[in-house]
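*Asks:* the amino acid sequence is not available; the structure is as follows:
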């Protein structure tokens, strides 16, 4: 099942992620710093629309790994192969960069977000069950807040110990899966919340963001960007992101209606449906194109969309007509579409 509101939010999330990577001015960088949590919220909404409660857990996880990991590995193989042919002395052609790319740690950059989506995917069926058990929204969010506060305390004390060694490996998993699983849980519940509850969620998030922001301002003598609390994420980073995301969701139907009147709703849906490959193709473009941030943003975004359009055209019009095996066709779709 698809929802126009969800597509609009996914489009905005992807657009803001790409905007971050063109190095915009600090004020713009801060304003758009809700992108990754928004995408995780959208994942929760999409999961709620599509997941069947009787789906075997192992089978679901295997399918999600195929949908998330295999396209990235295919892209990375292509990326490193072309890079080696064109520029064999490239600083990215080394064992450490290649390994940390395939393991979604750092590598060529920009792939850590896939690790987040994978970790959340593993927890998704469990979160779905939790969502079904707790019917009352107040109790649901109260539990999430207690878990988040406990996480925040543990994060504060563990931060010095997860910078290197075995602690760094742990720091790549636990301090990310817990808070993003909470954001996913909120997204899963938001789709069925009424406007009053959504306004309350947005307002409380804004108040929390202002409270922490003012405290940091008094402590440091200047505004502290939420980006400073993103790796690993803290409640300060998420409070701003949740405020903006909830506000966007409140107006998502209005935005969808505007896009329909502008007759670009199909283009918005195309970007939302193919966000994975648009994101992947933007990575080499970000490194290749050197322009003013505004021009670079437009060029990178549009070329990434164009590449994916051509990719789908070749698959649908040239390759698929010659493939009779439905299983093979499905596997290719999972690998190169979406």
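*Replies:* Sure thing, it's come through. Nothing here was measured: the structure is a model prediction, and the numbers come from that model.

*Asks:* and the helix or strand harbouring residue 44, what other elements does it pack with?
*Replies:* When elements are defined using DSSP states H and E, residue 44 is found to belong to helix 35-50. Packed against helix 35-50, as judged by 3 or more Cβ pairs under 8 Å, 6 or more residues apart in numbering; DSSP states H and E, are the following elements: helix 4-20, helix 112-133, helix 174-190, helix 235-250. Heads up, the C-betas are built off the backbone N, CA and C, glycines and all.

*Asks:* go through the helix or strand that that helix is followed by and flag the buried ones.
*Replies:* Downstream of helix 35-50, the first helix or strand assigned by DSSP H and E is helix 57-86. Residues 60, 64, 67-69, 71-72, 75-76, 79-80, 83 are the ones in helix 57-86 that count as buried (16 or more other Cβ atoms under 10 Å).

*Asks:* for the stretch 201-338 of the chain, just list every one of the strands.
*Replies:* Taking DSSP state E, counting those that start in this stretch as the criterion, the stretch 201-338 of the chain carries no strands.

*Asks:* and the helices in it?
*Replies:* Listed in chain order, the helices of the stretch 201-338 of the chain (DSSP state H, counting those that start in this stretch) span residues 235-250, 252-261, 265-273, 275-288, 293-313, 326-336.

*Asks:* deepest-packed of those helices, please.
*Replies:* When neighbours are counted by mean count of other Cβ atoms under 10 Å, the highest per-stretch mean among these falls to helix 235-250, a mean of 23.

*Asks:* now do that helix and helix 4-20, the angle between them.
*Replies:* Relative orientation of helix 235-250 and helix 4-20, computed by axes from the mean of the first three to the mean of the last three Cα atoms, to 10 degrees: 140 degrees.

*Asks:* low pLDDT regions in the stretch 101-250 of the chain?
*Replies:* When the per-residue scores of the stretch 101-250 of the chain are filtered using pLDDT under 70, no range remains.

*Asks:* output the helices and strands packed on helix 35-50 in TSV, with distance to residue 270 appended to each entry.
*Replies:* Formatted as TSV, the entries for the helices and strands packed on helix 35-50 read as follows, by distance: least, Cβ to Cβ, whole Å:
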stretch	distance to residue 270
helix 4-20	9
helix 112-133	20
helix 174-190	22
helix 235-250	20
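
*Asks:* any idea which of those gets closest to residue 166?
*Replies:* For residue 166, the closest of these is helix 174-190, at 12.3 Å, according to Cβ to Cβ.

*Asks:* ok, now which ones touch residue 47?
*Replies:* With contacts taken as Cβ atoms under 8 Å, 6 or more residues apart in numbering, residue 47 has the following neighbours: 124, 128, 184, 188.

*Asks:* nearest to residue 41, out of the helices of the stretch 201-338 of the chain?
*Replies:* helix 235-250 (5.3 Å).

*Asks:* quick one: list the elements packing against the closest one.
*Replies:* Where contact means 3+ Cβ pairs under 8 Å, 6+ apart, helix 235-250 is packed against helix 4-20, helix 35-50, helix 137-158, helix 174-190, helix 195-220.

*Asks:* which one of these lies closest to residue 315?
*Replies:* Counting by Cβ to Cβ, residue 315 lies closest to helix 4-20 out of the helices and strands packed on helix 235-250; the figure is 20.7 Å.

*Asks:* quick one: distance of the next helix or strand after the closest one to the chain centre.
*Replies:* Next helix or strand after helix 4-20 toward the C-terminus (DSSP H and E): helix 26-31. Using Cα atoms, centre = their mean, to the nearest Å, we find the averaged C-alpha position of helix 26-31 to lie 18 Å away from the chain's own average C-alpha position.

*Asks:* same for helix 26-31, what does it pack against?
*Replies:* If contacts are counted by 3+ Cβ pairs under 8 Å, 6+ apart, helix 26-31 sits against no helix or strand.

*Asks:* flag every buried residue along that helix.
*Replies:* Buried positions in helix 26-31, judged by neighbour count with 16+ other Cβ under 10 Å: 28-29.

*Asks:* let me know the average pLDDT across that helix.
*Replies:* Across helix 26-31, pLDDT averages out at 97.

*Asks:* quick one on the thing from earlier: just flag the most distant two among the contacts of residue 47.
*Replies:* Most distant of the contacts of residue 47, by Cβ to Cβ, are 128 and 184, 9.7 Å apart.

*Asks:* which of the two has more neighbours?
*Replies:* Remark: of residue 128 and residue 184, residue 184 carries more neighbours, 29 against 20, as counted by other Cβ atoms under 10 Å.
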